[in-house]
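Asker: Here is a sequence with its predicted model. Questions after.
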Amino acid sequence: MLRHHPDQRPQRRRVSAALCLGAVLAVLISFALAALPASASGQERSHVAATGDTLGVSAGTVPARRDSARASGAVPAPRRLLGAWVGAAFNSPAGKQLGMTPDRDFFLLGLRTTWSVGEHGRFGASWALELYPLAVVTNNPTRDRTQPGAGGSPTGSDDHAPVIGAGLAPLGLELYYALHPRVRMMVTSGAGVLVFEREVPIPEARRFNFTFDYGIGLQFERGERQSVVIGYRYHHLSNAKTAARNPGLDANLFYVGVAVRQ
């Protein structure tokens, strides 16, 4: 006989609070990143103006070179970008790619930094590192697998509730192409891990999951250093057959974020 938990509302309230905290964190990071460029740009202009006579460089040389590069379409890649983004995927597909788990929503908050490894004309490549301070999978079973039932099958609750996790993706690659002096198209990929507070996506799986993703996006420059990023990722997580069952979970993740050139 199945044993039901008396109330899942505290769990749902905790997840709701975590999502709200994640949203607030994303907003605060966005404001913080947006505040950095103005200060940095002002310091750069002051330095150029102060040293222009000594070095024989006028205050307008740096912007002129950048404008010339933009006009030709061969925009030099930023050596390093620092950003934050939030993504959402609804109603996970089952059996269409790798994952076999349906009816899950997936939310992910990411902090991302990239380093340019090379560019040629309009093309370029960067190495990417991402931290995930918050990941949420909804509709996850809460069945207790510690008590064997009849026939050796686990018993517990048939209730479902969201589950919280966190992780990182240190293996990332970003290829980009300058569609316009202020617009870049990106093709991204990455691999990492996510750890949840209980097994995902079913009780017979694991809390520790491996992840990989690939996708496409657009980066719009808003000023000298600020950018807005939007895009899509196919995201997959699974325990790589390290547990009794490994159904995997796929997500069609749409995201939006901000970035600052360092």
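Answerer: Yes, it's here. Numbers count the residues shown, from 1 in each chain.
Asker: In which helix or strand does Ala125 reside?
Answerer: Per DSSP states H and E, Ala125 falls inside strand 123-141.
Asker: try Trp85
Answerer: Take DSSP H and E as the rule and Trp85 turns out to sit in strand 80-89.
Asker: Partner strands of the very next helix or strand once past that strand, with direction?
Answerer: As assigned by DSSP H and E, the chain's next helix or strand after strand 80-89 is strand 106-120. Counting by DSSP bridges, the strands paired with strand 106-120 are strand 80-89 (antiparallel), strand 123-141 (antiparallel).
Asker: average model confidence for the longest strand seen in the chain?
Answerer: Counting by DSSP state E, the longest strand found in the chain is strand 160-180. Mean pLDDT, strand 160-180: 96.
Asker: one step back: can you lay out the strands paired with strand 106-120 as JSON lines showing distance to Met186 and mean neighbour count?
Answerer: For glycine as for every other residue, the C-beta is placed from the backbone atoms N, C-alpha and C. Output for the strands paired with strand 106-120, formatted as JSON lines (distance: least, CB to CB, whole Å; neighbours: other CB atoms under 10 Å):
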{"stretch": "strand 80-89", "distance to Met186": "11", "mean neighbour count": "20"}
{"stretch": "strand 123-141", "distance to Met186": "9", "mean neighbour count": "19"}
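Asker: between those strands, which gets nearest to Pro181?
Answerer: Nearest to Pro181, of all those, is strand 123-141, at 13.9 Å by CB to CB.
Asker: Now do that closest one against strand 160-180: the angle between them, please.
Answerer: Between strand 123-141 and strand 160-180, the angle comes out at 170 degrees (axes from the mean of the first three to the mean of the last three CA atoms, to 10 degrees).
Asker: Tabulate the CA atom coordinates of strand 123-141 in CSV.
Answerer: Output of strand 123-141 as CSV, limited to C-alpha atoms (Å, rounded to 0.1, in the frame of the first residue of the first chain):
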residue,chain,number,x,y,z
PHE,A,123,34.2,34.7,-37.0
GLY,A,124,35.5,33.9,-33.5
ALA,A,125,35.6,31.3,-30.8
SER,A,126,35.6,31.5,-27.0
TRP,A,127,35.9,29.0,-24.1
ALA,A,128,33.0,29.3,-21.6
LEU,A,129,32.5,28.5,-17.9
GLU,A,130,29.1,28.5,-16.3
LEU,A,131,28.0,28.2,-12.6
TYR,A,132,24.4,27.2,-11.8
PRO,A,133,23.4,28.5,-8.4
LEU,A,134,19.8,27.4,-8.9
ALA,A,135,18.2,24.6,-10.9
VAL,A,136,14.6,23.5,-10.5
VAL,A,137,12.8,20.5,-11.9
THR,A,138,9.0,20.4,-11.3
ASN,A,139,6.6,17.5,-10.9
ASN,A,140,9.4,15.2,-9.5
PRO,A,141,8.2,12.1,-7.6
